[in-house]
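Colleague: Got a predicted structure here, sequence first:
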Amino acid sequence: MSLVWYIAVMALTTYLIRMLPFTLFRRQIRSRYIRSLLYYLPYAVLSAMTLPAILYATGDIRTAAAGTGIALVLAYKGLPLIVVALAAAAVALLTGFLL
């Protein structure tokens, strides 16, 4: 029976998160600051959730930093995602073997 309660609470929480902005902000937001804050907020939250997972995924922060550095460089150059991911994994693996 507790599973039903868990699902009901999660459904209510999800509904409230999606419904509250529509009820609280009926007019268009005119403040430039708040609009830019709301625009960049998803990127900041995604980075804050992803970066710790990246740095502690390999068990050694040095190998993770090497893989992340290569990934950033290759992504900046505009290479496809599969190339970036495979190169980052290969560099992290090679760095782990060398250390």
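Modeller: Ah, there it is. Residues are numbered from 1 along each chain as shown.

Colleague: ok, Thr68 to Gln28 distance?
Modeller: Counting by Cβ to Cβ, to the nearest Å, the gap from Thr68 to Gln28 is 39 Å. Heads up, the C-betas are built off the backbone N, CA and C, glycines and all.

Colleague: ah, wrong one, I meant Ile54
Modeller: Between Ile54 and Gln28 the distance is 37 Å, computed by Cβ to Cβ.

Colleague: repeat for Ala57
Modeller: Plainly put, Ala57 is 41 Å away from Gln28 if you go by Cβ to Cβ.

Colleague: More neighbours: those two, which one.
Modeller: Taking Ala57 and Gln28 together and counting by other Cβ atoms under 10 Å, Ala57 has the greater number of neighbours (13 against 6).

Colleague: Is the more buried one part of a helix or strand, or is it coil?
Modeller: Under DSSP: H, G, I helix; E, B strand; the rest coil, Ala57 falls in the coil class.
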